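J.: Have a look; sequence and predicted model below, questions after that.
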Amino acid sequence: MSPLRELPAYRLLWTGQSINVIGNQVTRVALPFQVYVITHSTLAIAALTFVQLVPLLVFSLAGGSLADAVDRRRLLIVTQLGLAGTSAALMAVSLAGTPSVAVLFAIAAVASAFQAVEGPTRSSAIPRLVPAARLPAAIALGQLSYNAGSVIGPAVGGVILATIGVAGAYAVDVASFAISILAITALPSIPPLVKGSRAGLEAIREGLRYVRGRRVILSTFAIDLNAMIFGMPQALFPALALDVFHAGPIGVGLLNAAPAAGAFLGAAISGAVIRIRRVGRGIIVAVAVWGAAIVLFGLSTFSFPLALGFLAIAGAADVLSAVLRSSVVQLTTPDELRGRISAIHLLVVTSGPRVGDIEAAAVAAAIGAQLSVISGGLLCLLGVLAVARVYPELDRHEQLS
């Protein structure tokens, strides 16, 4: 908790993010739920995921380059305003009646483009507000905030969907952005440390060259992609809640909240975990636990509470992996490259689950939701073994700096 006690600027950023995450998670539940209710198709949710993925792939690297070249505080304000506008647009079209899926997809794509710039900007701003010795704790606190919001947001979202509907869910998100923007405006300026830094293709290439020369960083990207592409069943939550568990819209919220509940507990104990000596081995073990828990979740369709429990275990393992991986990336990257390396990192972190959603939904359309979950978890476990073999330096990595 020391960064919150000792660093007022970080405390402001963290508080705004903590509130904003709740609203974001409400929308994250509401939008695929709305698409599924309109279409009754898991492939439609896969299509939604695809239109959100494309802007991330297109704009993330450029966003990281921009974050290294301009005042990160100002850029955060611009991206937050853009994201608030997309949530307001979702609210407006939902109030007007049943919107077309194409309109929902278009708004989701614009929001994803803003997120592609906002993510690396926020990540690269934190090391400027927090000294290196406190950075792992700040990253853990960020995970704690994110996962607390990911518990509260989906649960609140499920209740809102069951009572006042999707427009009310989007209204909550708009309000959360307003609070976040106020917090960011109170931050000090965060200009580039290296004068003359410019965004562009050459800056992006410089970031890619840096990553290619750091195999430990590459290994953290590879093991996370493996976990999210094969072991992420979130796209199936609406179908599982409505058609398998028969738990209704509140069940959708609970399935989304369960991994975050476990992650919240995992983040709460991460202060001890980030001091382990064999950091790389800790990442490998955490991802293996994630894959095993997803397999057990898929085998637990006979019991909704048991299924939620396994999702919580998966979430705890995932957040511990995330804290360790993020600390390795941030502490081995100089500030003048942090925006670009954060962009690559966040591209992996955000695109992996979306590709995983597409994979899970497509497999579910062929063999059913339950088998899609089980097979994905098993492939994740095989992938852990493959990454450990291809990148033996990951298992040997012993320190965060």
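T.: Now that the structure is in, tell me what you want to look at. Only a predicted model underlies this, so the values are computations on that prediction, with no experimental measurement involved. Residues are numbered from 1 along each chain as shown.

J.: Residue 256: how many residues sit nearby?
T.: When neighbours are defined as other Cβ atoms under 10 Å, residue 256 has 27 of them. (C-beta placed from N, C-alpha, C; glycine too.)

J.: what's the answer for residue 46, then?
T.: Neighbour count for residue 46, taken as other Cβ under 10 Å: 20.

J.: which residue sits closest to it in space, ignoring its chain neighbours?
T.: Spatially, and ignoring its direct neighbours in sequence, residue 46 is nearest to residue 361 (3.7 Å; Cβ to Cβ, 6 or more residues apart in numbering).

J.: again, but for residue 235
T.: residue 357 (3.5 Å).

J.: so who does that neighbour touch?
T.: 45-46, 49, 232, 234-235 (Cβ atoms under 8 Å, 6 or more residues apart in numbering).

J.: tell me which residues of the helix or strand encompassing residue 107 are tucked away?
T.: Taking DSSP states H and E as the definition, residue 107 sits inside helix 101-129. Residues 101, 104-105, 107-129 are the ones in helix 101-129 that count as buried (16 or more other Cβ atoms under 10 Å).

J.: what mean pLDDT does stretch 343-352 have?
T.: Average pLDDT, stretch 343-352: 78.

J.: In PDB, list the C-alpha atoms belonging to that stretch.
T.: What follows is stretch 343-352, C-alpha atoms only, in PDB (Å, rounded to 0.1, in the frame of the first residue of the first chain):
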ATOM      1  CA  ALA A 343       2.000  -0.800 -26.300                       C
ATOM      2  CA  ILE A 344       3.400  -4.200 -27.400                       C
ATOM      3  CA  HIS A 345       2.800  -5.600 -24.000                       C
ATOM      4  CA  LEU A 346      -0.800  -4.300 -23.900                       C
ATOM      5  CA  LEU A 347      -1.300  -5.500 -27.500                       C
ATOM      6  CA  VAL A 348      -0.500  -9.000 -26.300                       C
ATOM      7  CA  VAL A 349      -2.600  -8.600 -23.100                       C
ATOM      8  CA  THR A 350      -5.700  -7.200 -24.900                       C
ATOM      9  CA  SER A 351      -5.600  -9.000 -28.200                       C
ATOM     10  CA  GLY A 352      -4.900 -12.400 -26.700                       C
END
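
J.: What lies in contact with it?
T.: With Cβ under 8 Å, 6+ apart, stretch 343-352 has contacts from 53, 56-57, 60-61, 63-65, 67, 115-116, 119-120, 123, 207-208, 211, 221, 224-225, 227-229, 232, 322, 326, 329.

J.: got it, and stretch 263-283?
T.: Stretch 263-283 has contacts (Cβ under 8 Å, 6+ apart) with 136-137, 140-141, 143-144, 146-148, 150-151, 216, 219-220, 223, 312, 315-321, 323-325, 327-328, 393-400.

J.: re the thing from before, which one of the contacts of residue 357 sits closest to residue 305?
T.: Taking Cβ to Cβ as the measure, residue 305 lies nearest residue 234 of the contacts of residue 357, at 19.0 Å.

J.: Pretty sure the closest one sits against residue 353.
T.: Yes. Residue 234 is within contact range of residue 353, at 6.7 Å (criterion: Cβ atoms under 8 Å).

J.: what's the nearest residue to residue 113 if we skip its chain neighbours?
T.: Nearest-residue entry for residue 113: residue 55, 3.9 Å, with adjacent residues in sequence omitted and distances by Cβ to Cβ, 6+ apart.
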